[in-house]
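1. sequence? don't have it. structure:
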């Protein structure tokens, strides 16, 4: 069966949520099951054009200004890992969701759900990470909430951050703006965060030296936007990895995205870990990387701007937007063959963020 | 020992959080333990003047507009109860936190933490409640997030809503604005929500006919603000009840608040339930009531405006602000004696919202 047909069938016959009747871990994967849950249960109740854009942030008009608004809950396990912890992720993740809309991140909210019995020292460490990450990103936590649930009804600590930022009046970044000929830029190596979390999980014999890439990307975005006004769309490939972000863009823009495997930067140890664990790094979460869809004439200029920023040193052009098969992502492998990069079906890596 | 001395000692020697070393249910009560947790662990990491106002919402300047921003997580148990469910609470609670700052609520975010195994029908019911409550309140859910945790690491569904609203440029409402002579207004009966939740809890033999008062209060607030510009402060007495809200105002404004027990509206069945359960209704949560501190000359006018609104029909003037003992709330009982209405020490009612 030709690849495109297989993909078409999959798109036409996604696993309907009703068939499982209750929430599975895969519904939190950021892949196809997450998409189905949103489409079949969450979005029908909330129909409105802003939400249905499904960008990482909403951009709304408040008092004549364009305000970016976003929310994210963090349930990562373990709480602490090389490179960061749940507090670092909670600040950087929400800052990045604002930044992907081209917003200057300004204010965060912080809502904690604590499990009875959580050690104060754990909470203190998380709060200290939040303090440091917010200071580094230049955002201020201005409002908060704390709830406590009984032992066994939570898992130590869940963190929600929401954020607001300001978007300049002429900026339009959205997943539906990719056009044939556009280039796909990636800011650095993939899979570092996901492999770090996996390597820390109890029961895994593998222990890698890699660290989470968690970082606030808004100053990198600012440099890119200064370099060119022809950036169509930005995405941070977190849950579900590069695959999920690009599939979303391909579907929303009705384009095909063709990736070059050998152009995609990946650390050798992450590559090795993925092979050992049977994971495709395109599906592994990142917490300090971004993808940009950029007009062909501006791609080199934007790439240079990225490479001048510490968080974009390893940036590469990794692919091209074409019109040959709408709503599809393909990868030209190192061997010269081409394969479809489908949406993740289930949950490869639960509680990765 | 005279009452005031007891209170003074309590304020000077609150239970230090370090003594317990880990989170207890009481840290989520909205009372003294919650305050200590905030003061000793959460706030030190986040020092900034907006957060330290500890109002129900932050008011920040974005693009020249005054934006109210607030967040709340909901962990109520059971999920469904007479008068509403976790979805209704999540919308109305955040709308009310915005309204207490005098903001016009505009946009909400919605972040779900789902436990593996949650029935889709449960999620559908909650989403439908969110839809209806948002439509009634005139707010739009513009951004969201969904996470899934393993069975046993959550409790069916936790909901976080954050909200943004617009505040007019000349409005100043804050807990530090109460002045001697001001009147304390209450919009209706107390304890309905808390008693409803308690009556539904497994293991309680008591079953009351009362329903949660959950409601969006922003149109009531708009009527009040139209009636007078001399409203000092608004609070919705949710977790920790009327006692917590008024103690906060008394402390922040360095005033005493004297309540008249017989002026405080309470349903007969709620009163009966409180007596049966040994609860003081001043500590029981409400989800559709507000307290207002109003200048003496404006109190009657604001009261009339409240009574004309369906959610303020039973509004009363329930007390007065004085300068006799700063940071204290007292109650003149029906018997003519006076007692201190202290902050709740532990957790009377866990997971009430």
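-> Good, I have the coordinates. All figures in this text were calculated on a predicted structure; none of them were measured in a lab. Residues are numbered from 1 along each chain as shown, chains lettered A, B, ... in the order given.
2. low pLDDT regions in the stretch 201-350 of chain A?
-> Scanning the stretch 201-350 of chain A with the threshold set as pLDDT under 70 gives A:202-208, A:346-348.
3. mind listing the strands for it?
-> A:231-235, A:256-260, A:291-294, A:316-322, A:328-332, A:338-340 (DSSP state E, counting those that start in this stretch).
4. looking at these, which is nearest to chain B?
-> strand A:231-235 (14.9 Å; C-beta to the nearest C-beta). C-beta here means a position set from N, CA and C on the backbone, and glycine is covered the same way.
5. other SSEs contacting the closest one?
-> Contacts defined by 3 or more C-beta pairs under 8 Å, 6 or more residues apart in numbering or on different chains; DSSP states H and E place strand A:231-235 against helix A:218-227, helix A:241-253, strand A:291-294.
6. the longest one vs strand A:328-332, what angle?
-> Taking axes from the mean of the first three to the mean of the last three C-alpha atoms, to 10 degrees, helix A:241-253 and strand A:328-332 form an angle of 130 degrees between their directions.
7. so which elements touch helix A:241-253?
-> If you count contacts as 3+ C-beta pairs under 8 Å, 6+ apart, helix A:241-253 packs onto strand A:231-235, strand A:256-260, strand A:291-294, strand A:328-332.
8. now that helix, how far from the chain's geometric center?
-> Mean C-alpha position of helix A:241-253 versus that of the full chain (C-alpha atoms, centre = their mean, to the nearest Å) differs by 11 Å.
9. please apply the same query to stretch A:29-43.
-> Taking mean C-alpha positions (C-alpha atoms, centre = their mean), stretch A:29-43 and its chain are 15 Å apart.
10. which residue is nearest the middle of chain A?
-> With distances taken as C-alpha atoms, centre = their mean, residue A:238 lies nearest the centre of chain A, 2.6 Å away.
11. ok so, going back, dump the strands of the stretch 201-350 of chain A into TSV; add mean neighbour count as well.
-> Shown next, in TSV, are the strands of the stretch 201-350 of chain A (neighbours: other C-beta atoms under 10 Å in any protein chain shown):
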stretch	mean neighbour count
strand A:231-235	25
strand A:256-260	22
strand A:291-294	26
strand A:316-322	21
strand A:328-332	23
strand A:338-340	14
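12. thinking again about what came up before, hey, which of the helices and strands packed on strand A:231-235 is tucked in deepest?
-> strand A:291-294 (a mean of 26; mean count of other C-beta atoms under 10 Å in any protein chain shown).
13. identify the residues contacting it?
-> A:177-178, A:182-187, A:224, A:228, A:230-237, A:242, A:245-246, A:249, A:302, A:306, A:321 (C-beta atoms under 8 Å, 6 or more residues apart in numbering or on different chains).
14. now for the nearest residue to residue A:84 once chain neighbours are set aside: which residues touch it?
-> Spatial nearest neighbour of residue A:84, excluding adjacent residues (C-beta to C-beta, 6 or more residues apart in numbering or on different chains): residue A:214 at 4.2 Å. Contacts here follow C-beta under 8 Å, 6+ apart; on that basis residue A:214 touches A:83, A:84, A:88, A:89, A:92, A:93, A:193, A:287, A:288.
15. the fourth one: helix or strand, and which one exactly?
-> Secondary structure from DSSP states H and E places residue A:89 in helix A:86-99.
16. neighbours of residue A:209, how many?
-> 10 (other C-beta atoms under 10 Å in any protein chain shown).
17. what is the burial count for the closest residue to it other than its chain neighbours?
-> Excluding its sequence neighbours, the residue lying closest to residue A:209 (C-beta to C-beta, 6+ apart) is residue A:269, at 6.1 Å. A count of neighbours around residue A:269, defined by other C-beta under 10 Å, yields 15.
18. give me the distance between the two termini of stretch A:36-44.
-> 11 Å (C-alpha to C-alpha, to the nearest Å).
19. hmm, it in reach of chain B?
-> Yes: legend: contact between stretch A:36-44 and chain B by C-beta under 8 Å from any C-beta of the partner chain is shown at A:37, A:38, A:41, A:42, A:44.
20. so where do the helices sit in chain A?
-> Counting by DSSP state H, one finds helices in chain A at the ranges A:3-12, A:32-37, A:43-45, A:49-52, A:86-99, A:120-137, A:192-200, A:218-227, A:241-253, A:268-277, A:299-307.
21. check the offset of the fourth one from the chain's centre.
-> Looking back up the chat, that one is helix A:49-52. Distance, centroid of helix A:49-52 to centroid of chain: 19 Å (C-alpha atoms, centre = their mean).
22. got it, and the last one?
-> Distance, stretch centre to chain centre, for helix A:299-307: 21 Å (C-alpha atoms, centre = their mean).
23. and for the third one?
-> Put simply, helix A:43-45 sits 22 Å off its chain's centre (C-alpha atoms, centre = their mean).
24. what's that helix packed up against?
-> With 3+ C-beta pairs under 8 Å, 6+ apart as the test, helix A:43-45 has helix B:120-137 packed against it.
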